[in-house]
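1. Predicted coordinates and the sequence they were generated for:
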Amino acid sequence: MPNLRLLHLTFAGIGRDPARVVFDPKLTVIYGASDTGKSFVTEAIDYMLGARKLSMIPEAEGYTQILLGLQLPDSSVITLMRGPQSSKVSVYNADLRELIYRAADLELTAQHSARSSKNLSRYLLERIGLDGSLISTNDTGGTKLLGFRDLLHLCLISETRMVSKVSPVLRATGTSGQTAHKSVLKLLLTGEGEPPAGDRPSPGQRRVHKGKISLLDELILDLQRQLDPNGGNEAELAGQLRRVLTHQDEAALSLRDITGLHARAVARRAELSVTLGQYEQRLGEVDDLLGRFGLLRNQYESDLARLEMVNEAGSLLGYFRTGTCVFCGAEPEHQSANHDSQETTALHTAVYAESTKTQQLLSDLRLTIDDLRVQREELVGKHTVHVVRAQETDQSIAHIEDDMQPLQNEAAELMTARSRVEAQLGLHRRIQELEDVRAGLVADGAVPGGRPSTGIPAGIVAEFDRAIERTLEQWQVRLHDVSYDQYSAELFVGDHARAGHGKGMRAVLHASFAVSLAEYCLGKEHRHPGFVVLDSPLVTYRQPGIRRTDDPDLPDSVIDYFYRDLFRRFTGQAVVVENGDPPADIVEQAHVYMFSRDPHDHRFGFFPVLPDTVADEDDAAGR
């Protein structure tokens with residue numbers, strides 16, 4: 001099946017070591033630290049395939065040639081060369097990966113034009129068999145010539161578009177161009193473009209175009225008024241955003257560290273509170289027992305005193321009083337000799353036995369009381385120690401909160417700055433989109449069709465829906481009834497549109513849409529570029545140190561199954577740019593680049609680190 005294959009992306013310049021990424025025929029993964037040029041690789045591929053401009057980063061200074069190696073459907077190899085700010089693309093019929101000095105085999109313009117074939121868009125479309133294909137521009141039958149950029153946004157998805165609420169089929173919000181975007185998907189799914197029509201627009205369409213151009217001029221002017229005059233141009237804003245994002249990453253790390261300290265201190269304080277409560281409860285129990293046992297001891301001592309008194313009184317009564325026996329009540333005539341002495345002895349024996357028993361109980365009670373007092377002293381000591389620890393922990397928490405407040409304020413300020421810069425960049429992008437639409441109208445690219453455009457047959461849409469569901473099942477994403485609504489151009493999960501989900505789910509659904517579309521076209525032998533480039537399809541829901549997502553439809557295993565499916569089942573070529581680590585088996589089998597920002601560990605970033613930078617890094621690290 002005719003399709004393209006990415007071979008390498010190379011930046012070259014005089015006196016500079018080439019910066020290069022070589023792409024695997026199956027799967028290439030670029031991952032690692034922030035601000036190392038990962039997303040810049042995606043942007044550079046987009047630029048080499050016809051984007052208007054590339055926002056250069058400071059590390060790219062001194063590089064004057066950007067080279068993109070491609071393998072064409074006939075297995076021949078070409079190299080596209082373009083300057084960082086050039087509108088021209090040079091084509092070389094060879095695989096070149098160093099600075100090029102010789103003349104090009106073919107010179108093309110980067111901008112698509114329906115009036116000329118000497119542009120990159122027509123050149124690439126011709127190679128994959130889609131040059132001359134028409135797509136709809138309105139519901140009344142208007143058509144225009146397909147451009148390569150119309151296809152590219154369905155297989156090269158930037159980080160911003162990955163999580164955007166805009167449908168994967170559309171390039172931006174608004175109604176402008178929606179019919180054409182939906183028509184491109186129809187072309188890929190059915191394998192057929194719109195029928196040809198006349199070569200020139202009618203006078204009525206020209207009048208409509210003029211009205212649209214006037215409206216676009218007003219919209220562009222209104223957006224330009226919203227731009228901050230002191231905000232700088234788009235390149236400066238992109239630089240500001242990179243710096244803000246770098247500071248955000250650093251602030252987030254600092255805040256995460258101190259938040260971890262705070263959480264651990266609060267956890268320690270909670271444990272101490274529980275322990276103190278246990279000690280206080282036990283002290284209360286011991287004090288209660290000591291009180292009860294004290295009363296019992298007093299009772300025993302009182303009983304012993306009474307028994308001693310009875311013993312003494314009985315002896316006295318038995319010896320000095322005659323008449324009726326005070327012990328048994330017998331009259332004198334019934335008393336035997338020594339009767340009083342015998343009764344006195346019996347009383348003494350009974351009192352002695354009771355006293356001995358009570359003395360034993362009192363002795364045991366005193367031992368118990370002494371043991372409880374020892375326990376109480378130990379509990380008081382431990383309670384005092386834990387009270388001191390709790391006070392120290394309270395002070396530690398207070399200090400951490402004092403240190404945390406400036407970091408939280410800084411994070412809030414950075415978020416405000418980021419929102420402002422992103423809003424300004426959004427205005428610039430919107431202005432550029434409107435200018436693109438205006439340029440298309442000025443170039444008179446729309447031509448009248450002979451009949452209204454028709455939709456995608458329901459059977460094909462249903463088959464494509466099943467393809468998306470199969471992809472998500474392979475990734476272990478627990479979803480059912482995924483469907484594409486060709487009229488709203490939205491992807492639905494059950495009754496909920498993709499735009500209604502969180503960023504993590506939106507990114508996964510967008511990635512599955514792009515992969516499933518490529519897989520469907522390749523399986524049906526329909527025309528397709530043959531590759532997908534996915535920037536940050538999973539990073540939005542992965543949080544280091546905790547569960548990756550609270551969404552039950554996105555289990556922790558999604559990352560592993562995502563990479564393995566692309567490597568083992570996907571029949572096209574995939575390039576994935578991510579922050580998180582891929583599985584170990586993918587690292588061993590696929591082509592994997594790890595950008596670390598450490599010149600001594602793995603690869604510093606996309607661009608080679610300069611010797612001075614290494615020295616600065618070593619000085620900072622104390623090497």
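-> Structure's in. What do you need? Everything quoted here is computed from the prediction, not taken from an experiment.

2. for the stretch 451-600 of the chain, what are the low-confidence residue spans?
-> The stretch 451-600 of the chain contains residues with pLDDT under 70 at 451-454, 539-556, 598-600.

3. Tell me which stretches of it form helices.
-> Taking DSSP state H, counting those that start in this stretch, the helices of the stretch 451-600 of the chain run over residues 458-474, 503-524, 558-568, 584-589.

4. Quick check: which of those helices is nearest to Ser419?
-> helix 503-524 (15.5 Å; C-beta to C-beta). The C-beta positions use only the backbone N, C-alpha and C, and glycine is treated the same way.

5. can you pull the buried residues of that closest one?
-> Buried positions in helix 503-524, judged by neighbour count with 16 or more other C-beta atoms under 10 Å: 504-522, 524.

6. can you check stretch 153-165 too?
-> Within stretch 153-165, the residues that qualify as buried are 153-159, 161-164, counting by 16+ other C-beta under 10 Å.

7. residues in contact with it?
-> The contact list for stretch 153-165, computed with C-beta atoms under 8 Å, 6 or more residues apart in numbering, reads 39, 42-43, 45-46, 49, 168-169, 171, 184-185, 188, 498-499, 503, 506-507, 510-511, 514, 517-518, 528-529, 531-537, 540, 577.

8. mind checking the end-to-end distance for that stretch?
-> Separation of the first and last residues of stretch 153-165 by C-alpha to C-alpha, to the nearest Å is 15 Å.

9. Ok, stretch 89-101 next?
-> End-to-end for stretch 89-101, by C-alpha to C-alpha: 15 Å.

10. Just give me how far it sits from the chain centre.
-> Relative to the chain's own centre, stretch 89-101 is displaced by 39 Å; criterion: C-alpha atoms, centre = their mean, to the nearest Å.

11. How about residues contacting that stretch?
-> 7-8, 10, 12-14, 18, 20, 48, 65, 67, 69, 76-82, 102, 104-110, 120, 123.

12. Can you list which of those residues are found in helices?
-> Those of those mapping onto helices are 48, 120, 123, per DSSP state H.

13. Is it correct that the second one is in contact with Tyr47?
-> So the one you mean is Leu120. No - if you go by C-beta atoms under 8 Å, Leu120 and Tyr47 don't touch, sitting 11.0 Å apart.

14. ok, of the ones in helices among the contacts of stretch 89-101, which one's closest to Thr275?
-> Nearest to Thr275 out of these is Met48 (C-beta to C-beta; 64.6 Å).

15. which residues does the closest one contact?
-> Contact analysis of Met48 by C-beta under 8 Å, 6+ apart lists 9, 66, 68, 80, 82, 89.

16. Can you pick out the most distant pair from these?
-> Leu9 and Val89, at 14.2 Å, using C-beta to C-beta across the contacts of Met48.

17. The strand ranked longest in the chain - which strands sit beside it in the sheet, and in what orientation?
-> Determined from DSSP state E, the single longest strand within the chain is strand 5-13. The pairing partners recorded for strand 5-13 under DSSP bridges are strand 16-22 (antiparallel), strand 65-71 (antiparallel).

18. Report the rounded mean pLDDT for the last one.
-> Rounded to a whole number, the mean pLDDT of strand 65-71 is 97.

19. Give me the contacts around that strand.
-> If you take C-beta under 8 Å, 6+ apart as the criterion, strand 65-71 is touched by 4-13, 44-45, 47-49, 54, 77-84, 95-97, 99-100.

20. For Pro583, which of the strands paired with strand 5-13 is the nearest?
-> Of all the strands paired with strand 5-13, strand 16-22 sits nearest to Pro583, with 20.5 Å by C-beta to C-beta.

21. quick one: Arg269 is in a strand?
-> No - judged by DSSP: H, G, I helix; E, B strand; the rest coil, Arg269 forms no part of a strand; its state is helix.

22. burial count for it?
-> By the criterion of other C-beta atoms under 10 Å, Arg269 has 17 neighbours.

23. how much space is there between it and Glu392?
-> From Arg269 over to Glu392 the distance is 10 Å, taken as C-beta to C-beta, to the nearest Å.

24. now swap in Gly32 and tell me
-> 41 Å.

25. Which of these two has more residues huddled nearby?
-> Neighbour count, other C-beta under 10 Å: between Gly32 and Glu392, Gly32 has more, with 22 against 13.

26. Would you confirm that the more buried one contacts Ser596?
-> Yes - taking contacts as C-beta under 8 Å, Gly32 lies within contact range of Ser596: 5.5 Å.

27. what about the stretch 301-450 of the chain, any weak spots by pLDDT?
-> Along the stretch 301-450 of the chain, the parts satisfying pLDDT under 70 run over 313-348, 440, 442-450.

28. tell me the helices in it, going along the chain?
-> Assigned by DSSP H, counting those that start in this stretch, the stretch 301-450 of the chain shows helices spanning 339-442.

29. for the stretch 51-200 of the chain, same thing?
-> Assigned by DSSP H, counting those that start in this stretch, the helices in the stretch 51-200 of the chain fall at 120-127, 148-152, 159-163, 178-190.
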